[in-house]
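Chemist: Need a 3D model of the following:
(4 chains)
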2 protein chains.
Amino acid sequence: MEHSTYKKLVVTAAGLFRKRGFSATGVSDILRQANLPKGSLYYHFPGGKKDLAIEAAKWSAQQVNSLIDEVFSETREQGGDFIDAAIRFCERVVEVYHAEGEWSFSSISTILLEGSDEDLEFSELARELYASHKVKIIEQGEAYGLSEEEAFWIGHKMMLFLEGGWLVSRVTGDTESLCFAVDCMKEEKLITGKRGF
Amino acid sequence: MEHSTYKKLVVTAAGLFRKRGFSATGVSDILRQANLPKGSLYYHFPGGKKDLAIEAAKWSAQQVNSLIDEVFSETREQGGDFIDAAIRFCERVVEVYHAEGEWSFSSISTILLEGSDEDLEFSELARELYASHKVKIIEQGEAYGLSEEEAFWIGHKMMLFLEGGWLVSRVTGDTESLCFAVDCMKEEKLITGKRGF
DNA sequence: CTATTTCTAGACCGACTGGTCTAATGCTGT
DNA sequence: ACAGCATTAGACCAGTCGGTCTAGAAATAG
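Modeler: Numbers count the residues shown, from 1 in each chain, chains lettered A, B, ... in the order given. Model prediction:
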């Protein structure tokens, strides 16, 4: 199987879906940007747009999971604690946003939760992918010696800051809110320091 | 001018746009749900779908602003501090989410930031409406005797929790994350209590 | 009552959408 | 060389979209 075309479609689609949402992105937009003909899409994704969106969402979620692994492992090796890693993770998200100007943290909902009222396949996948982030964070928490509860609390808070910050940043058009999210996490460090995480 | 038809269109459209997004919502969906013919829509909104979306977004933002005013004033009258009001506000958002099952806090981005790459009219309105929330919160902060900076810090944090919590709740399909946002604000109370807000 | 305006009603239209289909093209092993 | 499969290429199609248009109902004015 020729992978470069397949991959190109997934990556291009992920970018467009994340930026504009599922419905607002036309198959032709994706094909134009990827510089590919229609035949290729329906050869690689017989299920069409939906199939492509599913793969794009999976790929996006995997990217986030990889970033979690990367940042949390790196920080741990450098002697930082769990909160340090969480701060670093937020900073990395800001960096990516700055660099690419479009990278969506909330890719799951943007891609999958925008179609019809009740697309079970989409909403179930969305749940599943979000759960995978949660698992990744708790796994990393355990590597830091944290209980599931501790890791969940701080990890969940980090997620809220990031999702919220990203969403607001998209509205305001700058990265102020996303940077604010980083500041919030830094403040967490002071509090949780006292908790002894 | 007959207002009931106009209002019905705005409210119905706001609901659908918030739930599904601008592009995923067809004019016919709105008309079907509102039980109105096409002619009425284009009579009241000559600019069509876009016009309607703008009014729907304004209306949604106004609802949020009213809720801010209501909750913060009420809490102040009852002798609560600014954080108490913020907690109460988060709780109210959860209540509304529970009750209506769809009320979107992030209505601005859902309605306005989903169309084409660069719709200036939409994105400028989005910024403007979001700014109006910020102003409302700072106004309320001043009524509580807080400096703009203090009100901004806690208000912004509250917004991130709510936006993030709402977004995640939409993915997971429950209100856990939104309730978690309330818990986060309650924790804030302890911290900021020490700051003396 | 009639005249006029306001609004509803929905048939209709062109543009565009996602999706299909077949012809052609490369690429493989023999 | 050939055959056979994998992939590209894009013309084409049916359905849906947002939007227009005219007919007439309902309300208001004289």
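Chemist: list the contacts for the closest residue to residue A:49 other than its chain neighbours?
Modeler: Of all residues beyond its chain neighbours, the one nearest residue A:49 is residue A:27 (5.5 Å), with distances taken as Cβ to Cβ, 6 or more residues apart in numbering or on different chains. In short, each C-beta sits where N, CA and C put it, glycine included. Listed by Cβ atoms under 8 Å, 6 or more residues apart in numbering or on different chains, the contact partners of residue A:27 are A:38, A:41, A:48, A:49, A:52.
Chemist: residue ranges with poor pLDDT in chain A?
Modeler: Applying pLDDT under 70 to the predicted model, the residue ranges of chain A that meet it are A:1-3, A:115-118, A:193-197.
Chemist: if you set the cut-off to 90 instead, what comes out?
Modeler: A:1-4, A:97-111, A:113-120, A:170, A:173, A:188-197 (pLDDT under 90).
Chemist: residues touching residue A:10, list them.
Modeler: Contacts were defined as Cβ under 8 Å, 6+ apart; by that measure residue A:10 touches A:52, A:55, A:56, A:59.
Chemist: So which of the residues you listed sit within strands?
Modeler: Under the assignment DSSP state E, the contacts of residue A:10 contribute nothing to strands.
Chemist: Among those residues, which lie within helices?
Modeler: Secondary-structure check on those using DSSP state H: residues within helices are A:52, A:55, A:56, A:59.
Chemist: what's the farthest-apart pair in the contacts of residue A:10?
Modeler: Between all members of these, the longest pairwise span (Cβ to Cβ) is found for A:52 and A:59 and amounts to 10.4 Å.
Chemist: of those two, who's got more company?
Modeler: Here residue A:52 and residue A:59 are compared on neighbour count by other Cβ atoms under 10 Å in any protein chain shown; more neighbours surround residue A:52, at 24 against 16.
Chemist: Distance-wise, check that one relative to residue B:159.
Modeler: Here the distance between residue A:52 and residue B:159 works out to 34 Å (Cβ to Cβ, to the nearest Å).
Chemist: same question, residue A:72
Modeler: When distances are taken as Cβ to Cβ, residue A:72 and residue B:159 turn out to be 27 Å apart.
Chemist: coming back round to it: if we take the ones in helices among the contacts of residue A:10, which one ends up nearest to residue B:31?
Modeler: Compare each of the ones in helices among the contacts of residue A:10 with residue B:31 using Cβ to Cβ and the shortest gap goes to residue A:52, at 30.5 Å.
Chemist: What residues does that closest one make contact with?
Modeler: Residues A:9, A:10, A:13, A:27, A:30, A:41, A:45 are the ones in contact with residue A:52 under the rule Cβ under 8 Å, 6+ apart.
Chemist: out of those residues, which touch DNA strand C?
Modeler: Near DNA strand C, judged by Cβ under 7 Å from any atom of the strand, the entries from the contacts of residue A:52 are residue A:27.
Chemist: Can you say which of the contacts of residue A:52 are buried?
Modeler: The neighbour count (16 or more other Cβ atoms under 10 Å in any protein chain shown) marks A:9, A:10, A:13, A:30, A:41, A:45 as buried among those.
Chemist: helices or strands next to the host helix or strand of residue A:93 in the packing?
Modeler: Here residue A:93 is covered by helix A:82-100, with elements defined by DSSP states H and E. In this structure, helix A:82-100 makes packing contacts with helix A:49-77, helix A:120-143, helix A:148-172, helix A:176-195, judged by 3 or more Cβ pairs under 8 Å, 6 or more residues apart in numbering or on different chains; DSSP states H and E.
Chemist: any residue of the third one up close to chain B?
Modeler: Yes: counting by Cβ under 8 Å from any Cβ of the partner chain, chain B is contacted by helix A:148-172 at A:156-157, A:159-165, A:167-168, A:170-172.
Chemist: Show me which of the residues you listed are buried.
Modeler: Buried by 16+ other Cβ under 10 Å: A:156-157, A:159-165, A:167-168, A:170-172, out of those.
Chemist: Name all residues that make contact with residue A:38.
Modeler: With Cβ under 8 Å, 6+ apart as the criterion, the residues that contact residue A:38 are A:27, A:31.
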